[in-house]
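>>> just need the structure, nothing else, for what follows:
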Amino acid sequence: MHAKELVALKPDVLLARSTPATAALKRETDTIPIVFANIAAEPMESGFVQTLARPGGHITGFTSFEAAIGGKWLQLLKEADPRISRIAAIYNPETAPYAGLFLRSAQSAAPTLAVQIVDMPVRSDADIEAALATFASKPGGGLITIPDSFASERRDTIIALAARHRLPALYSTPSFTPSGGLMAYAVDTRETMRRAAGYVDRILKGAKPADLPVQAPARFELSINLKTARTLGLEIPPTLLASADEVIE
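As a prediction, the model looks like this:
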């Protein structure tokens, strides 16, 4: 509904801040330029562009996926708690059909870090509660969230369950740490939006989306909640604290 209304206004360019928003706008127009920002999907697999270097149509923009991010998530979580040997990756397959990209990234790094990745698809609050309870029944567990609107909307639920089951968790959305999450390592969305604004400006001045390459994230931010760490009985290494962009006491 909102996509149809926006297209009906006949703007010179559209800015989409998520994968679903980009898909909805694409369904409504094949002529108005669309710049996406912070999408987790693979733009070619999603049918948004023909190639990353030369999108070829009326859509281009900036992704939040970086090939090595799964390994970075595992590395940070192991630094925070070296006892971790099993890491659950939670997501909703309906709202994150691109989850396989992140899972493959994590799985490729898992042997080097001596951890096992547990695929944890969920579709409801009840699913989350049951899955985490079962997972936490064995020792050595940790948790990561794949970028997903479903997980973001259930932020407080996931944080509370991680605390109940004493699971060290690393989240892919910055808002989790101020709300009590242990750690977050995520794309600097403000920087991405500034870069997207640059593409909008270039299009308004005559550039074609077809000629503007899709770009990967330029900067990630690490935040750590020390209060949560103490609650979990963790002593975060000084080197990890020194690398954080934000430390919440």
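
>>> quick one: secondary structure of A89?
Classification of A89 by DSSP: H, G, I helix; E, B strand; the rest coil places it in strand.

>>> excluding chain neighbours, give the residue nearest to it in space.
I144 (5.3 Å; CB to CB, 6 or more residues apart in numbering). In this view, the C-beta of every residue, glycine as well, is placed from N, C-alpha and C.

>>> ok, the residue nearest the centre of the chain to V13 distance?
Against the mean C-alpha coordinate of the chain, by CA atoms, centre = their mean, the closest residue is P147 at 2.8 Å. Here the criterion is CB to CB, to the nearest Å. By it, P147 lies 25 Å from V13.

>>> for the closest residue to P121 other than its chain neighbours, the count of nearby residues, please.
With CB to CB, 6+ apart as the criterion, P121 has its nearest non-adjacent residue at 4.8 Å, and that residue is P93. The tally of other residues near P93 (other CB atoms under 10 Å) stands at 15.

>>> so P93, which state does it fall into?
P93 - assigned by three-state DSSP - is coil.

>>> what of the one 4 residues further on?
Look at P97: counting by three-state DSSP, its state is coil.

>>> can you report how many residues lie near the spatially closest residue to D188 that is not a sequence neighbour?
Using CB to CB, 6+ apart and skipping residues adjacent in sequence, the residue nearest D188 is R219, 4.2 Å away. Around R219 there are 12 other residues, counting by other CB under 10 Å.

>>> list the contacts of R219.
187-188, 191 (CB atoms under 8 Å, 6 or more residues apart in numbering).

>>> so what pLDDT did it get?
On pLDDT, R219 comes in at 89.

>>> do you know how far it is from E66?
10 Å.

>>> can you list phi and psi of the residue nearest to A89 for me?
When quoted as degrees, to the nearest 10, the phi and psi of I144 stand at phi -130, psi 150.

>>> same thing with the one 10 residues further on?
For R154, the backbone dihedrals are phi -110, psi 30 (criterion: degrees, to the nearest 10).

>>> surely it meets D127?
No: judged on CB atoms under 8 Å, R154 makes no contact with D127 at a distance of 10.3 Å.

>>> who's more crowded, those two?
Neighbour totals were compared for R154 and D127, and R154 leads with 20 against 14 (other CB under 10 Å).

>>> how far away is that one from R83?
Here the criterion is CB to CB. By it, R154 lies 27 Å from R83.

>>> alright, I will stop here.
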